[in-house]
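Chemist: Structure here, sequence nowhere to be found:
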């Protein structure tokens, strides 16, 4: 059975331009379908990733990585299409070396038109067809990229709002904890003072119990001071995190 290269060489010279148009049109339509399926898959994956990010914690880095990954996949899609053109021309024997075929197809696909590599005289019509396929796919990718950029912008705005709400809720919760702790301290101090007034006319065991209560108050004060120091440190870390400056931890200091 004759190979494709042998069949191409048997085509008469006067029919080779028509054959180039037919072969180029077939590959162009195939690449358009391939590009559409690839873009659909990329956009679907991007939407699924955005849903996962919205359901989890508001991580802006994850949204940026998702956007970069989508752009990278779009670039890979174009590179694969250039390789398909190069494989077709090399397999038909129009360009001998594979790297020359890739270079020629990349120049035609991006409509640069540079380089010394060329196909035969009767097959030159295939070069503008490669350029047309690049125009089609690049325009399609641009429209999809606009949607990805708009969707990513909305996602970043939502994550910023959720992150700000989370910080406000955390601050409110810590304030409630502090108020509850301060109220408990005030209550114990009041009870201790009331009991202290009765110490003079109390028994030895009663005095010992009051002394233990006073020690508990001092321990509670020390715990309150430690908690306040921890709260101040967390507020500074959150402020640095909101400004894009990572908090200093033992790992970061190293």
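Modeler: Here it is on my side, so go on. Predicted, not measured: the structure shown is a model, and the values here were computed from it.

Chemist: only C-alpha atoms for contact and neighbour calcs from this point on.
Modeler: Fine.

Chemist: quick check: domain ranges of this protein?
Modeler: According to automatic domain parsing, the chain comprises the domains 4-163, 165-253.

Chemist: Make a markdown table out of those and add mean pLDDT.
Modeler: Shown next, in a markdown table, are the domains of the chain (pLDDT from 0 to 100):
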| stretch | mean pLDDT |
| --- | --- |
| domain 4-163 | 89 |
| domain 165-253 | 63 |
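
Chemist: Not counting sequence-adjacent ones, nearest residue to residue 28?
Modeler: residue 133 (5.6 Å; CA to CA, 6 or more residues apart in numbering).

Chemist: and the domains of the chain, which is most packed in?
Modeler: domain 4-163 (a mean of 16; mean count of other CA atoms under 10 Å).

Chemist: Quick one: end-to-end distance for it.
Modeler: End-to-end distance for domain 4-163, by CA to CA, to the nearest Å: 60 Å.

Chemist: gap between that domain and the chain center?
Modeler: 22 Å (CA atoms, centre = their mean, to the nearest Å).

Chemist: and if you look at stretch 167-187?
Modeler: That offset, for stretch 167-187, works out to 36 Å (CA atoms, centre = their mean).

Chemist: circling back: contacting residues for the residue nearest to residue 28?
Modeler: Residues near residue 133 by CA atoms under 8 Å, 6 or more residues apart in numbering: 28, 31-32, 109.

Chemist: what's the answer for residue 55, then?
Modeler: No contacts exist for residue 55 under CA under 8 Å, 6+ apart.

Chemist: Can you pull the phi and psi angles for it?
Modeler: phi -80, psi -20 (degrees, to the nearest 10).

Chemist: what do you get for residue 110?
Modeler: phi -90, psi 0.

Chemist: check which helix or strand covers the residue nearest to it when sequence neighbours are not counted.
Modeler: Once flanking residues are discounted, residue 110 sits nearest to residue 134: 6.0 Å by CA to CA, 6+ apart. Element membership for residue 134, per DSSP states H and E: helix 126-197.

Chemist: That concludes my questions; thank you for your assistance.
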